[in-house]
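1. Sequence and predicted structure below; questions after.
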Amino acid sequence: MLGPLCVSRDGGNVTPTTPKLRALLTLLLLHHSRVVQIPELIEELWGSRPPDSAASTVQTYVYKLRRIIGDENVLLTRSRGYQLRITPEDLDLCHFERLSEQGSRLLARGDA
C-alpha cells in the first residue's frame, strides 16, 4: 500500500471511491490473510463513538466490496470477522518488503 490505493479487475480500475469503503478495504489489505474481527473494523472505521448501526454497516460494506472484487473466494466471512485472501504478489507492500530483505542480505554480504 505504497502510494494511492488502486484495485484492478479484468484490466479495469474498480477502486472504491467512498471513504469508508476504501478504509475498510485498506484495513483488510493491511491484515491480508488474517481474520479481522468486526469490533476491530468498527473501531478503525468510527473510533470510540461508532453509530448504533456500525455492525450492519460493516456487513453492507463487505457486500459492496465483494461485488467490486468479483470473486467470492477472496473476501471471506469468518467467525466474528472477515478475511481477505490474496497472494503476496497482489500487494505492493509485500513485494517491497521482499525486495528490501533481499537487498539487506546482499548488502550484508558486501554486494552493493
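-> Sure, I can see it.
2. residues making contact with the least confident helix or strand in the chain by mean pLDDT?
-> In the chain, no helix or strand scores lower on mean pLDDT, DSSP states H and E than strand 8-9, which sits at a mean of 80. By C-beta atoms under 8 Å, 6 or more residues apart in numbering, the list of residues contacting strand 8-9 from outside reads 14, 68-70. C-betas here are computed from N, CA, C, even on glycine.
3. Name every strand pairing with it and say which way it goes.
-> Applying DSSP bridges to the sheet, strand 8-9 is found paired with strand 12-13 (antiparallel).
4. Averaged pLDDT, the partner strand. What do you get?
-> Strand 12-13 shows a mean pLDDT of 88.
5. that older thread, most neighbours of all the contacts of strand 8-9, which one?
-> Scoring the contacts of strand 8-9 on neighbours with other C-beta atoms under 10 Å, the highest-scoring entry is I69 at 17 neighbours.
6. Would you mind writing the CA trace of the host helix or strand of L93 as CSV?
-> When elements are assigned from DSSP states H and E, L93 belongs to helix 92-108. Extracted in CSV, the C-alpha atoms of helix 92-108 (Å, rounded to 0.1, in the frame of the first residue of the first chain):
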residue,chain,number,x,y,z
ASP,A,92,2.9,-3.9,-3.5
LEU,A,93,3.8,-3.7,0.2
CYS,A,94,4.7,-7.4,0.3
HIS,A,95,6.7,-7.0,-2.9
PHE,A,96,8.6,-4.1,-1.4
GLU,A,97,9.3,-6.0,1.9
ARG,A,98,10.6,-9.0,0.0
LEU,A,99,12.9,-6.8,-2.2
SER,A,100,14.1,-4.8,0.9
GLU,A,101,15.0,-8.0,2.7
GLN,A,102,16.8,-9.3,-0.4
GLY,A,103,18.8,-6.0,-0.6
SER,A,104,19.7,-6.1,3.0
ARG,A,105,21.1,-9.7,2.7
LEU,A,106,23.1,-8.7,-0.4
LEU,A,107,24.5,-5.6,1.3
ALA,A,108,25.4,-7.7,4.4
